[in-house]
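Trainee: output the structure for:
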Amino acid sequence: MPATKPAEASADAAAPAKKAEKGKKPKKHKEEKGVKAMYKVEGEKLSRARPTCERCGPGYFMADHHSRYTCGHCGFTRYKQK
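Mentor: Numbers count the residues shown, from 1 in each chain. Presented below is the predicted three-dimensional model:
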């Protein structure tokens, strides 16, 4: 039985070392949210970064997806040109 105790002790000592090696994952950079993401400042002029909804009018920006723009208010979808 004395032969198994040192093996168990070495296994316990290795476990905390593994956790220390993992560490924390780097956080992903999130995109800006809110009004700052909707406009671009060029000199002294403001320009809209995203299109507005054709049904709802100005003030309703469309969400930018991979292949389309979508209005969150009414659900209108406009597909991007290829």
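
Trainee: can you give me the helices for this structure?
Mentor: 4-22 (DSSP state H).

Trainee: burial check on residue 68, number of neighbours?
Mentor: Around residue 68 there are 12 other residues, counting by other C-beta atoms under 10 Å. Quick note: C-beta positions are derived from backbone N, CA and C, even for glycine.

Trainee: residues touching it, list them.
Mentor: Listed by C-beta atoms under 8 Å, 6 or more residues apart in numbering, the contact set of residue 68 reads 77-80.

Trainee: cool, residue 64 as well?
Mentor: Residue 64 sits next to residue 50 when contact means C-beta under 8 Å, 6+ apart.

Trainee: how much space separates it from residue 78?
Mentor: 11 Å (C-beta to C-beta, to the nearest Å).

Trainee: for residue 72, same thing?
Mentor: Separation of residue 72 from residue 78 (C-beta to C-beta): 13 Å.

Trainee: kindly report the same for residue 47.
Mentor: Between residue 47 and residue 78 the distance is 19 Å, computed by C-beta to C-beta.
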